[in-house]
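>>> The sequence isn't on hand, but the structure is:
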Ligand code: PAF
């Protein structure tokens, strides 16, 4: 595995690989890797000849007062995991290499960034889209892999790729969970033992909603009240608990097709997200 930080070098190596007829797979990450990230890397390794993983804690997607400075990092461990996973290039640029002096461009999407995390983290998706498009231009991938835990992020990136004719195939991979159901997240590291127990409320709330829907409940408010009750009982502060059309993240009028139940909640100071796509028949 070659470790590089220069965007120009990455592009040169990726173009060289493509000239040799190899396909390039990109897994963008912010590091502190867990099984969720590794499932993306394994998928890239399976599908692509040349695998690039980026680790970059992207400052433009963090708002004031968020956890940019304390975002967990363990580069040594990440490197060992990626080496073992057979990655070809580990790309770890510095903030100055990604955003050189004078940088002033942003990629902004309209409607799809309005609800959920877009509503509570102003400017977050501008930062995500800008860095992801830059990574696409640097790594020139054929395929790029993202986790479905960040369901809105995945949908925003798919929209961006369609809207801007970016020639990258996007693949979303299922949420990877701990044995008890907690969605894997780098931010789980922040949880104390007691918070770790309470954090399970997100998963339990998703389970409850699915059970109610399967039992025939078709009242949005009633469903969300049941979800909120589970989170409240665990003293988890709700940022949002929303039921939206899973295809376009718009509000639903009827219970039909794929519905996205998305939750963001603070367990102590740690903001966690989780979601499930529910099918109403
Ligand atoms: O999901 C993440 O880790 C980040 O939002 C991403 C896609 C690497 C962009 O910084």
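The structure has been received and is ready for your questions. These figures come from a predicted structure and were not determined experimentally.

>>> in a helix, that's where residue 194 is, yeah?
Yes - assessed by DSSP: H, G, I helix; E, B strand; the rest coil, residue 194 belongs to a helix.

>>> doesn't residue 11 fall inside a strand?
No - assignment of residue 11 by three-state DSSP gives helix, placing it outside any strand.

>>> How about it, nearest residue that isn't a chain neighbour?
residue 138 (5.3 Å; C-beta to C-beta, 6 or more residues apart in numbering). Every residue, glycine included, has its C-beta placed from N, CA and C.

>>> With residue 266 instead?
With sequence-adjacent residues excluded and distances taken as C-beta to C-beta, 6+ apart, residue 266 is closest to residue 237, at 4.2 Å.

>>> these two touch, right, the one you found and residue 263?
No - counting by C-beta atoms under 8 Å, residue 237 sits too far from residue 263 to count as a contact (11.5 Å).

>>> about what we covered before: ramachandran angles for the residue nearest to residue 266?
phi -80, psi 120 (degrees, to the nearest 10).

>>> Kindly provide the distance from it to residue 22.
To residue 22, residue 237 is 48 Å away according to C-beta to C-beta, to the nearest Å.

>>> repeat for residue 44
Residue 44 sits 13 Å away from residue 22 when distances are taken as C-beta to C-beta.

>>> what about those two, which has more around it?
The neighbour comparison of residue 44 against residue 22 (other C-beta atoms under 10 Å) goes to residue 44, with 28 against 15.

>>> list the contacts for the closest residue in space to the more buried one that isn't next to it in sequence?
Excluding its sequence neighbours, the residue lying closest to residue 44 (C-beta to C-beta, 6+ apart) is residue 25, at 3.5 Å. Residues in contact with residue 25 (C-beta atoms under 8 Å, 6 or more residues apart in numbering) are 44, 45, 47, 48, 50, 51, 52, 141, 142, 143, 144, 145.

>>> Show me which residues of this structure are close to the ligand?
28, 29, 30, 58, 61, 128, 131, 132, 150, 153 (C-beta under 6 Å from any ligand atom).

>>> ok, the fifth one - contacts?
To tie it back to what came earlier, the one meant is residue 61. Here residue 61 is in contact with 123, 124, 125, 126, 127, 128, 131 (C-beta under 8 Å, 6+ apart).

>>> Show me just the buried residues among the residues you listed.
For the contacts of residue 61, a neighbour count by 16 or more other C-beta atoms under 10 Å gives the buried set as 123, 124, 125, 126, 127, 128, 131.

>>> now the end-to-end length of stretch 12-28.
18 Å (C-alpha to C-alpha, to the nearest Å).
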